[in-house]
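# Whatever this is, show me its structure:
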Amino acid sequence: MKVIIVGGVAGGATAAARIRRLDEQAEIIVFERSGFISYANCGLPYYIGGVIDDEEELTLQTPESFYSRFHVDMRVHHEVTAICPETKRVTVKNLETGEVFEESYDKLLLSPGAKPTQPPLPGIDSKKLFTLRTVEDTMRIKAYIDEKHPRSAAIAGGGFIGLEIAENLRGLGMEVTIIEGLNQLMAPFDADMAAFIHAEVRAQGVGMVLGRMVAGFQETEDGVDVLLQDAPAVHADMVILAIGVTPDTALAKQTGLECGVKGSIVVNDRMETSIPDIYAVGDAVQVQHFVTGALAPISLAGPANKQGRIAADNICGGDRRFPGAQGSSVIRIFDLTAASTGINERTAKAAGLQTDKVILSPGSHAGYYPGAKTMTMKVVFEKETYRLLGAQIIGYEGVDKRIDVLATAIRAGMKATELQDLDLAYAPPYSSAKDPVNMAGYIIDNLATGVVKQWFVEDVDTLPRDGSVTLLDTRTVEEYEAGHAPDLINIPVDELRERIGELEPGKPVYVMCQSGIRSYIATRILRGHGFDCYNFAGGYRFYAAVKNDQRLVEQATACGMDR
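This next block holds a predicted model:
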């Protein structure tokens with residue numbers, strides 16, 4: 001069997017190694033357009049910032065080491081320019097010599113990945129504008145910084161690449177501004193959770209221009225003006241374009257393969273395309289979202305590697321199926337860690353799902369053990385069925401392991417109420433006896449059994465102020481005087497039983513505290529005295545973060561810059 005693989009990075013390299021492990025006799029040739037194979041795309045920003053200081057650390061394998069280990073013919077600087085399914089031959093161009101030749105195949109695997117989105121904007125070809133996809137792109141950016149010593153950079157795009165680049169350029173001492181067409185950074189997060197990301201970005205001195213689309217670029221003697229729609233231009237010494245990625249499927253379309261969402265290659269769950277004996281994997285293919293069932297390209301390394309292994313198994317006669325991806329991800333944003341899995345509340349509602357949510361602020365480990373830090377968790381689930389839909393966590397230590405537990409729970413089909421039953425490892429330096437994931441399950445179970453009802457940050461400004469409801473803050477007097485939501489009266493929870501007569505019977509009571517724990521205790525006291533009451537999800541800490549961010553974003557929208 002002769003297998004040709006187009007693309008030698010995540011999915012392609014994984015498939016090549018797996019095929020060799022399954023079939024020692026197969027002839028395997030990989031054609032990679034760039035000069036590197038099996039490189040760590042996700043590590044590229046950290047080489048620019050000097051966190052990774054050795055270029056060789058970016059490449060997990062070289063063509064020579066791959067051949068030595070797997071006897072796979074890895075040919076870099078070779079581009080497949082045409083595929084003829086009828087004759088099972090590909091046309092290849094050697095980008096170093098210009099030689100064009102043909103190669104036959106029994107099975108063909110496409111793993112071309114995705115390319116940075118580059119809309120046809122004026123000035124897009126400026127030499128001071130860069131994209132980041134390959135090791136070569138990384139070297140160009142680093143060489144420009146080393147030679148020109150730019151003092152400022154504008155980053156178009158507030159997603160994963162944009163924020164990672166921002167952190168690394170800021171670490172080099174550069175003034176950095178992120179420009180994002182949405183009204184928030186990091187689209188996988190809901191706007192309320194993105195408030196914590198924005199706060200960290202501001203704290204690190206990075207400017208933000210939100211809700212403004214890039215209209216073009218104008219090169220000047222001392223840099224580049226990033227032209228914006230309905231806003232003043234942003235000037236910088238260099239620009240990084242990171243507004244998203246587009247499936248690299250020109251070859252697939254030319255071949256006649258069926259393509260779908262955003263031009264991505266249509267595959268079945270065996271990673272087979274619409275043409276026999278041609279498979280496709282990675283960022284270029286459309287897959288089913290595990291939670292919603294919707295079809296979409298999901299540009300993450302984890303799914304790409306899994307798909308490469310599945311395609312390899314099927315090429316070698318197996319019957320492996322890809323069950324879909326749920327978009328689990330984690331990112332470091334300066335001192336913060338932000339992680340998500342499944343879908344957020346905004347996406348769930350857009351899909352027509354009836355949702356509910358819990359928001360909590362647990363510690364990373366036992367509070368009595370030194371060094372515990374607060375994280376913010378948001379777990380989204382379906383009403384009535386309690387099907388887990390997604391989760392978002394922002395904090396410091398322990399964020400990654402909690403999101404992995406929640407991702408596993410979603411994959412296992414667990415109900416949100418069952419999170420309380422998970423038997424998770426505990427020791428004071430690592431967790432609490434009631435792990436944050438368990439705590440989310442306890443809160444959801446309280447909702448399911450009617451022990452508690454909730455109100456949310458979006459309700460604060462819409463609740464009536466005509467005296468028909470009572471708004472109650474149960475923190476200490478000192479906490480209340482340091483800042484509180486409008487129109488809430490203050491009765492500390494430890495005084496509530498003695499002062500219950502100050503509340504008018506028959507009126508619903510909406511209760512808030514710092515994190516949601518004391519207000520929950522207060523609702524139980526109030527329920528015991530016949531009150532209809534609601535606990536504020538996330539507490540004043542969450543409320544203050546969201547409202548402060550909304551205020552700053554509105555001010556920045558008016559003046560053009562948020563720093």
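# Could you list which residues are in contact with residue 91?
For residue 91, the contacting residues are 80-84, 100-102, by CB atoms under 8 Å, 6 or more residues apart in numbering. Where you see a C-beta, it was placed from the backbone N, CA and C, and this is true even at glycine.
# again, 10 Å this time
Taking CB atoms under 10 Å, 6 or more residues apart in numbering as the criterion, residue 91 is in contact with 79-84, 100-103.
# Please apply the same query to residue 44.
Contacts of residue 44 (CB under 10 Å, 6+ apart): 52, 58, 132-135, 137-139, 141-142, 161, 164-165, 168.
# Looks to me like it is in a strand.
No. Counting by DSSP: H, G, I helix; E, B strand; the rest coil, residue 44 is located in no strand; its state is helix.
# Three-state assignment for residue 225, please.
Using three-state DSSP, the structure places residue 225 in strand.
# so which one among the contacts of residue 44 has the lowest pLDDT?
Within the set of these, pLDDT is lowest for residue 58 (76).
# That residue: neighbouring residues, count only.
With neighbours defined by other CB atoms under 10 Å, the count for residue 58 comes to 18.
# Let me know whether residue 511 touches residue 485 as I believe.
No. Contact between residue 511 and residue 485 fails when scored by CB atoms under 10 Å: they sit 11.2 Å apart.
# Between these two, which contacts overlap?
By CB under 10 Å, 6+ apart, the residues touching both residue 511 and residue 485 are 471, 473, 536.
# any weak-confidence spans in this structure?
559-563 (pLDDT under 70).
# if you go through it in chain order, where are the helices?
Taking DSSP state H as the criterion, the chain carries its helices at 10-22, 44-48, 63-70, 135-148, 160-171, 191-203, 250-255, 301-315, 345-350, 399-411, 436-448, 477-482, 517-528, 539-559.
# Ok, which of the ones you listed comes nearest residue 269?
Taking CB to CB, helix 301-315 is the member of the helices of the chain nearest to residue 269, at 8.3 Å.
# what angle separates the closest one from helix 10-22?
Relative orientation of helix 301-315 versus helix 10-22 (axes from the mean of the first three to the mean of the last three CA atoms, to 10 degrees): 40 degrees.
# Which residues in helix 301-315 does the neighbour count mark as buried?
Within helix 301-315, the residues scored as buried using 16 or more other CB atoms under 10 Å are 301, 303-315.
# again, but for stretch 123-141
Buried, per 16+ other CB under 10 Å, within stretch 123-141: 123, 126, 128-135, 137-139, 141.
# can you map out the strands along the stretch 201-350 of the chain?
Secondary structure of the stretch 201-350 of the chain, counting by DSSP state E, counting those that start in this stretch: strands at 207-210, 214-220, 223-228, 231-236, 238-241, 245-247, 265-266, 278-280, 285-288, 295-296, 329-333, 336-342.
# my bad, should have said the stretch 1-150 of the chain
Using DSSP E, counting those that start in this stretch, strands in the stretch 1-150 of the chain cover 2-6, 27-32, 73-76, 78-84, 89-94, 100-104, 107-110, 114-116, 129-130.
# Tell me which of those is the most buried.
strand 107-110 (a mean of 27; mean count of other CB atoms under 10 Å).
# Please save the CA atoms from it in CSV.
The C-alpha coordinates for strand 107-110 follow below in CSV (Å, rounded to 0.1, in the frame of the first residue of the first chain):
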residue,chain,number,x,y,z
LYS,A,107,-4.7,6.1,-0.3
LEU,A,108,-4.5,9.9,0.0
LEU,A,109,-4.8,11.9,3.2
LEU,A,110,-5.2,15.7,3.1
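# Check the offset of it from the chain's centre.
How far strand 107-110 lies from its chain's middle: 29 Å, per CA atoms, centre = their mean, to the nearest Å.
# by contact count, what packs against it?
Identification of packing neighbours for strand 107-110 by 3 or more CB pairs under 10 Å, 6 or more residues apart in numbering; DSSP states H and E yields strand 2-6, helix 10-22, strand 27-32, strand 78-84, helix 250-255, strand 278-280, helix 301-315.
# Quote the end-to-end distance of stretch 67-77.
Stretch 67-77 has an end-to-end distance of 16 Å (criterion: CA to CA, to the nearest Å).
# gap between it and the chain center?
Per CA atoms, centre = their mean, the centroid offset for stretch 67-77 relative to its chain is 33 Å.
# quick one: which of residue 511 and residue 485 has more around it?
Ranked by neighbour count (other CB under 10 Å), residue 511 and residue 485 place residue 511 first, with 28 against 18.
# Could I get the contacting residues of the more buried one?
455, 470-474, 488, 491, 493, 496, 518-523, 525-526, 531, 533-536.
# who's in contact with the closest residue to residue 399 other than its chain neighbours?
Residue nearest to residue 399 in three dimensions, not counting chain neighbours: residue 337, with 4.2 Å by CB to CB, 6 or more residues apart in numbering. Remark: with contacts taken as CB under 10 Å, 6+ apart, residue 337 is in contact with 330-331, 375, 393-400, 403.
# Bridged to residue 337, which residues?
Applying DSSP bridges to residue 337 gives these bridge partners: residue 332, residue 395.
# From the buried residues of stretch 123-141, pick the one nearest residue 232.
Of all those, residue 232 sits closest to residue 123, with 16.4 Å by CB to CB.
# separation between the closest one and residue 239?
Look at residue 123 and residue 239: by CB to CB, to the nearest Å, they are 9 Å apart.
# Quickly list what's touching both of those two.
Joint contacts of residue 123 and residue 239 (CB under 10 Å, 6+ apart) are 129, 217, 219, 224-226.
# quick one on the thing from earlier: would you turn the helices of the chain into a markdown table with distance to residue 428?
Listed next are those as a markdown table, based on distance: least, CB to CB, whole Å:
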| stretch | distance to residue 428 |
| --- | --- |
| helix 10-22 | 38 |
| helix 44-48 | 32 |
| helix 63-70 | 43 |
| helix 135-148 | 41 |
| helix 160-171 | 31 |
| helix 191-203 | 26 |
| helix 250-255 | 54 |
| helix 301-315 | 31 |
| helix 345-350 | 33 |
| helix 399-411 | 16 |
| helix 436-448 | 14 |
| helix 477-482 | 27 |
| helix 517-528 | 19 |
| helix 539-559 | 23 |
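# Nearest to residue 419, out of those helices?
Of all the helices of the chain, helix 436-448 comes closest under CB to CB, at 2.9 Å.
# how about the closest one: buried residues?
Those would be 436-441, 443-448, for helix 436-448 by 16+ other CB under 10 Å.
# I'd like those residues as JSON lines, with distance to residue 74 appended.
Formatted as JSON lines, the buried residues of helix 436-448 follow (distance: CB to CB, whole Å):
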{"residue": "436", "distance to residue 74": "44"}
{"residue": "437", "distance to residue 74": "42"}
{"residue": "438", "distance to residue 74": "47"}
{"residue": "439", "distance to residue 74": "49"}
{"residue": "440", "distance to residue 74": "46"}
{"residue": "441", "distance to residue 74": "48"}
{"residue": "443", "distance to residue 74": "52"}
{"residue": "444", "distance to residue 74": "50"}
{"residue": "445", "distance to residue 74": "53"}
{"residue": "446", "distance to residue 74": "56"}
{"residue": "447", "distance to residue 74": "54"}
{"residue": "448", "distance to residue 74": "54"}
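# With respect to residue 275, which of the residues you listed is nearest?
Nearest member of the buried residues of helix 436-448 to residue 275, counting by CB to CB, is residue 437, at 44.5 Å.
# Confirm for me that the closest one is in contact with residue 410.
No. The pair residue 437 / residue 410 is not scored as a contact, 11.9 Å apart, by CB under 10 Å.
# Could you tell me which residues touch both of those two?
Going by CB under 10 Å, 6+ apart, residues that sit against residue 437 and also against residue 410 are residue 391.
# Would you list the phi and psi of residue 323?
phi -80, psi 0 (degrees, to the nearest 10).
# Just list the residues touching it, thanks.
269, 287-288, 290, 306, 310, 411.
# repeat that for 7 Å
residue 290 (CB atoms under 7 Å, 6 or more residues apart in numbering).
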